[in-house]
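> Test case, fold it:
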Amino acid sequence: MFFVNFLYFGIVNCKIYNVLDFGVEGDGQIDDSKAFIEAWKTMCGDEGDTKTILIPSGHTFLLQPLQFEGPCGSSPVFQMDGDIVAPSEQRLGLDLNQKYHKWIAFSNVNDLTVFGSGSINGFGSSFWEAMDFHNCNNLNISGITSKDSPRNHISINSCNNVVISNIQLFAPEKSPNTDGIDISTSTNVTISKSTIGTGDDCIALNTGSVNINITEIVCGPGHGISIGSLGANGQVAKVENVQVTHCIFNKTSNGARIKTWQGGEGYAKHIYFEHITVIDVINPIIIDQQYIDKRHINFEAEKDSEAVAISDVKFIDFHGTSPNEKFITLNCSKIKPCKNIVVNGIDIFYRVVINVYKRISGNNTNTDGAKALETHADMALRLAKELENTTISDSDKETVRRDLFGSESTQFVVFTEQISAHDFPIGIANLLAFKFF
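The predicted structure follows:
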């Protein structure tokens with residue numbers, strides 16, 4: 001918020017073009033697209049100092065897919081304090097079969113700032129990307145919220161010098177292809193202090209992503225932060241100099257991931273994931289040089305074909321929990337194996353969850369069910385005792401059993417520690433704690 005307030009102080013004395021002065025309704029029902037375009041063209045064509053197009057708070061603006069084009073005569077500011085909503089498919093003013101829909105697109109606009117306390121809501125309409133920035137150098141995005149984009153929330157392509165901070169991106173956990181931020185063919189990009197929860201990658205770095213710094217991101221739900229996928233359809237990939245630090249992955253399917261298609265070419269190198277927290281992440285660390293997305297197969301590589309080279313990758317200081325015993329996956333190509341991969345300082349606990357159920361028939365407990373339940377309790381306690389190598393008293397054991405029988409469904413959770421990365425293969429080490437939820 002400090003950045004947003006500072007930014008506002010810096011532009012408050014600049015000329016402001018309020019969209020309310022261009023005939024918008026701002027009721028969320030009537031299409032305001034033409035008024036927005038008129039306001040943009042007027043502001044963009046005005047030369048001189050920084051100019052601001054203001055989307056004021058307290059209003060909701062219904063917009064069709066729009067293209068805000070540059071270059072502009074000044075450094076433009078898109079101050080979004082109000083809310084922007086998408087039309088329903090029935091009211092969409094485009095051919096629904098048209099490919100590569102972009103809802104709010106900026107192209108060829110240098111020195112652009114997009115900030116504010118407002119939100120954009122795609123309502124799952126048939127757009128490919130909620131906000132698309134193409135060839136926008138020296139781009140700054142801060143403070144905004146994007147909800148329910150049916151595809152990418154923010155796409156950055158062919159841009160140089162980009163700063164994204166303090167934003168929030170949300171989509172349902174099971175919504176397909178709803179990446180938070182997609183980067184491609186762009187350099188010198190910094191993404192920080194943001195919260196992203198989607199049905200796909202929180203952040204995806206595609207080919208041409210160079211000098212990328214990602215820090216202090218809270219990701220979840222979603223598929224983690226991904227390099228790729230790269231090399232689809234024989235593509236020549238180029239990704240290098242990527243740093244992902246001080247990020248939290250909360251109940252995501254992946255944490256730090258690099259994924260490349262067999263048959264691709266090029267490279268992904270100098271990639272560092274450091275100081276990462278994982279909370280119940282299925283695949284905290286994964287490299288997959290033989291990635292396949294069955295939803296998008298239109299190229300079948302030869303068995304012994306090329307592969308995208310992966311080298312100089314570090315996974316340092318990961319800590320947290322995972323329900324997956326084999327939570328480090330290095331699926332490297334035999335044709336072009338991974339090189340110089342460092343995994344160090346891994347302190348992830350493997351969590352075993354045993355579900356036990358109390359079978360009830362009327363007011364009476366089923367005898368077989370009770371015996372099965374008791375067996376599960378004994379097994380879990382024996383595991384705990386063996387791993388911890390300490391004595392569990394009979395009274396504690398009875399307390400555990402009583403807690404089990406006192407609930408129709410409960411979970412016995414055992415936390416164990418991953419062996420150091422230097423002690424591969426992966427296995428279970430010491431029991432740290434066990435408790436009931």
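
> Show me the beta-bridge partners of the closest residue to Glu306 other than its chain neighbours.
In space, Glu306 comes closest to Glu265 once its chain neighbours are excluded; the distance is 5.0 Å by Cβ to Cβ, 6 or more residues apart in numbering. Heads up, the C-betas are built off the backbone N, CA and C, glycines and all. Beta-bridge partners recorded for Glu265 (DSSP bridges): Val236.

> ok, Lys339 - how many residues close by?
Other residues within reach of Lys339, judged by other Cβ atoms under 10 Å, total 12.

> which ones are touching it?
With contact taken as Cβ atoms under 8 Å, 6 or more residues apart in numbering, Lys339 is in contact with 309-312.

> Looking at those, which is nearest Gly224?
Each of those was scored against Gly224 by Cβ to Cβ, and Ile310 proved nearest at 16.6 Å.

> can you dump the C-alpha coordinates of the helix or strand that contains the closest one into CSV?
Per DSSP states H and E, Ile310 falls inside strand 309-322. Only the C-alpha atoms of strand 309-322 are listed here, as CSV (Å, rounded to 0.1, in the frame of the first residue of the first chain):
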residue,chain,number,x,y,z
ALA,A,309,18.2,-28.5,-22.0
ILE,A,310,17.9,-27.8,-18.3
SER,A,311,21.0,-26.7,-16.4
ASP,A,312,22.2,-24.7,-13.4
VAL,A,313,19.1,-25.0,-11.3
LYS,A,314,19.1,-24.6,-7.5
PHE,A,315,16.4,-25.6,-5.0
ILE,A,316,17.6,-24.2,-1.7
ASP,A,317,16.0,-23.9,1.8
PHE,A,318,12.6,-25.5,1.3
HIS,A,319,10.6,-26.2,4.4
GLY,A,320,7.0,-27.2,5.3
THR,A,321,4.8,-30.2,4.7
SER,A,322,3.8,-32.5,1.9
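
> which helices and strands sit right next to the following helix or strand past that strand?
The first helix or strand that comes after strand 309-322 along the chain, using DSSP H and E, is strand 328-331. Under the contact definition 3 or more Cβ pairs under 8 Å, 6 or more residues apart in numbering; DSSP states H and E, strand 328-331 sits against strand 283-291, strand 339-357.

> give the contact list for the closest residue to Gly231 other than its chain neighbours.
Of all residues not flanking Gly231 in the chain, Gly264 sits nearest, at 1.5 Å (Cβ to Cβ, 6+ apart). Taking Cβ under 8 Å, 6+ apart as the definition of contact, the neighbours of Gly264 are 230-232, 234-237, 301, 306-308.

> On the three-state scheme, the residue lying closest to Asp32 once chain neighbours are set aside is what?
For Asp32, ignoring the flanking residues on the chain, the nearest one in space by Cβ to Cβ, 6+ apart is Val24 at 4.2 Å. Val24 carries the three-state label coil when classified by DSSP: H, G, I helix; E, B strand; the rest coil.
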